[in-house]
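Enquirer: have a look; sequence and predicted model below, questions after that.
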Amino acid sequence: MKRVIYTVIVGGYDRLMEPPAFPGWDYVCFTDGRNIGLRAKLGFSRWDIRPLPEDGDLDSFRRSRLPKIMPHRYLADYEYSVYIDGNAKLLSDPSALLDQLSWPMMAVSEHPFRDTVVQEIDECICQNKAPRALLEAQREAYLADGMPADLALMENNLLLRRHNDAQVIQLMEVWWAQMNTHSHRDQLSLPFVAWKLNFPIQTFSQATKRAVFTTKAHYRSPWARWKRSLNKRLGQRKPK
């Protein structure tokens, strides 16, 4: 089985981390070229550096999610893929986890903080993660379509997939369509799509994930940190 571990680095949001060498796995990074590091630029990295796919007039959020959601388009020569976020690193060979899960069609971890999609939409509204009206419309559309109010939330920073399987491809294509219909918050739309298509995504615990996977804070340049601090201070000022 030809297997790949891949990630996406866009807009300098994260710094590419060099992965451990796991036998039988290739490594692919889709990127716009920012913050990939000298080693990768000189061709000495384990990562196979590939340009970020283009798709019309997508914003930076959705463009970064193209390869994340659609590996069947960009990694068709691989039978199995492990996607990790740009701020993540695998601590051990994912083959052991996949053996434990019997190499599922698709598997993700349970969410560490919230239980349901509805709770996550409310949190996204509170944290201003997307326009409020867009998030509220997404919630209403999903509930009107019959989505259970207690539909379980999943965490999408580690995705395990037989991405060329016909059912998985259908799931990914519909997921991508939802991403372009509603908000860019992919954690909101995946559970809905899986429920709608009656697709059984296998889930595993956070404890299981932490044994093989870790994340660090997203990278911010000194200028970006200063701007963020200034904006927070300005936002905390009481109106006169």
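Expert: Perfect, thanks for sending it.

Enquirer: not counting sequence-adjacent ones, nearest residue to His111?
Expert: Leu153 (4.2 Å; C-beta to C-beta, 6 or more residues apart in numbering). All C-beta atoms are positioned from the backbone trio N, CA, C, and that covers glycine.

Enquirer: hang on, the one you found packs against Asp186?
Expert: No - using C-beta atoms under 8 Å, Leu153 is not in contact with Asp186, being 11.7 Å away.

Enquirer: so who does Gln178 touch?
Expert: 189, 192-193 (C-beta atoms under 8 Å, 6 or more residues apart in numbering).

Enquirer: confirm it sits in a helix?
Expert: Yes - the assignment for Gln178 is a helix, going by DSSP: H, G, I helix; E, B strand; the rest coil.

Enquirer: quick revisit: show me the contacts of Gln178 that map onto helices.
Expert: Secondary structure from DSSP state H places 189, 192-193 of the contacts of Gln178 in helices.

Enquirer: pLDDT below threshold where in this structure?
Expert: 13, 35, 217-240 (pLDDT under 70).

Enquirer: show me where it has strands.
Expert: Assigned by DSSP state E, the strands in the chain fall at 3-9, 25-31, 48-51, 80-84, 88-90, 106-110, 154-161, 202-204, 213-215.

Enquirer: distance from the chain centre to the third one, please.
Expert: Read that as strand 48-51. 18 Å (C-alpha atoms, centre = their mean, to the nearest Å).

Enquirer: ditto for the first one
Expert: Relative to the centre of its chain, strand 3-9 is centred 11 Å away, using C-alpha atoms, centre = their mean.

Enquirer: repeat that for stretch 201-211.
Expert: 15 Å.

Enquirer: coming back round to it: among the ones in helices among the contacts of Gln178, who's most crowded?
Expert: Sorting the ones in helices among the contacts of Gln178 by how many neighbours each has (other C-beta atoms under 10 Å) puts Ser189 first, at 26 neighbours.

Enquirer: this completes my enquiry, with thanks.
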